[in-house]
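> Need coordinates for the below:
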Amino acid sequence: MTTLKLRALKAAFPHTIPIMAGFLFLGMTYGIYMSSLGFSFVYPLGMALIIYAGSMEFVTANLLIGAFNPLQAFLMTLMINARHLFYGLAMLEKYNIPGLKRLYLIFGMSDETFSVNCSAEPPAEVDGSWFMFFVTLLNQSYWVLGAALGGLFGMLLKFNTQGLDFVMTAMFVVIFLENWLKEKNHTSALAGLGISVVCLALFGAEGFIIPAMGGILLALTLLRPRLEKGGEAA
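Numbering: from 1, shown residues only. Okay, here's the model as predicted:
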């Protein structure tokens, strides 16, 4: 590794330490969850390498054991990861880098990686493009390692995994509660809950997710001026 890249790696690593702790734990949870569904550790390892979208990987686990429905999978993936459209727009200037490095930066963008690459300023002697590259690479490596270890532990350790499938529900509940505590204006959260309940009543437990996510996206689009105004007031 050249001196230029080594400097960038050393500068990037401290910024990823908090992410490493979270990704290793969640990745292992995901790997164990996949093992409880009967999948080899190769599946969480491969999905972490190729899909690399934490919440969507949990959802994909259920899609793999359900009826084959590519349209539902496509729409669900689009809805869950729609926020990355805005991440991409925000990083157009920073990611204006020639070569394959740019393609990997686009592929490897996650919430945490976006946060670091968007706000962190590398030292003057460090190349910014390599700094962002190693932030992205390290973060994905933590997730891949955690998923692989979880899958292996799930295969080797024999314990009762009944109820482990609730981990995905628990994860989304925690995310919702964290956002609720951070937000001063709960309009978006209440809109999401209300639309989900209505769609659950109309479409049932098996078919409410896509209509609910579509309704939430539409509602947030219509409420955007009000939400932005409320944010400015806060």
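
> SS state for Ala205?
State at Ala205, reduced to three classes by DSSP: H, G, I helix; E, B strand; the rest coil: coil.

> For it, the count of nearby residues, please.
Counted with other Cβ atoms under 10 Å, the neighbours of Ala205 add up to 7. All C-beta spots, glycine's among them, are computed from the backbone N, C-alpha and C.

> what's the spacing between it and Gly194?
17 Å (Cβ to Cβ, to the nearest Å).

> Ok, Ala82 next?
Taken as Cβ to Cβ, the span from Ala82 to Gly194 is 20 Å.

> Excluding chain neighbours, what is closest to Ser196?
Ala212 (4.6 Å; Cβ to Cβ, 6 or more residues apart in numbering).

> Now do the helices in the chain.
With DSSP state H, the ranges of helices along the chain come out as 3-36, 42-50, 54-65, 70-80, 83-90, 100-107, 111-119, 128-156, 166-182, 187-203, 209-233.

> Let me know the angle separating the second one from helix 3-36.
With axes from the mean of the first three to the mean of the last three Cα atoms, to 10 degrees as the criterion, the two stretches helix 42-50 and helix 3-36 enclose an angle of 140 degrees.

> Now do helix 42-50: which elements does it pack against?
helix 3-36, helix 54-65, helix 128-156 (3 or more Cβ pairs under 8 Å, 6 or more residues apart in numbering; DSSP states H and E).

> just so I know, which of the ones you listed lies nearest Ser115?
helix 3-36 (8.8 Å; Cβ to Cβ).

> okay, and for this protein, where does confidence drop off?
Residue ranges of the chain with pLDDT under 70: 1, 158-172, 174-175, 178-179, 227-234.

> what's the domain layout of it?
Following automatic domain parsing, the chain resolves into domains at 3-156, 183-233.

> before we move on, the earlier item: most tightly packed of the helices of the chain?
Burial of the helices of the chain is given as mean neighbour count (mean count of other Cβ atoms under 10 Å); helix 128-156 ranks first at a mean of 21.

> And it, what does it pack against?
By 3+ Cβ pairs under 8 Å, 6+ apart, helix 128-156 packs against helix 3-36, helix 42-50, helix 100-107, helix 111-119.

> The third one to helix 83-90, inter-axis angle?
Angle of helix 100-107 versus helix 83-90, following the same axes, to 10 degrees, is 140 degrees.

> Tell me which residues are up against helix 100-107.
52, 88, 91, 95-97, 117, 129-130, 132-133, 136-137 (Cβ atoms under 8 Å, 6 or more residues apart in numbering).

> try stretch 52-69
26, 30, 33-34, 37-39, 43-44, 47-48, 51, 72-73, 76-77, 80-81, 107-108, 110, 140, 143-144, 147, 167-168, 171-172.

> any idea what sits nearest Gly150, other than its immediate chain neighbours?
Gly31 (2.2 Å).

> Sounds good, over and out.
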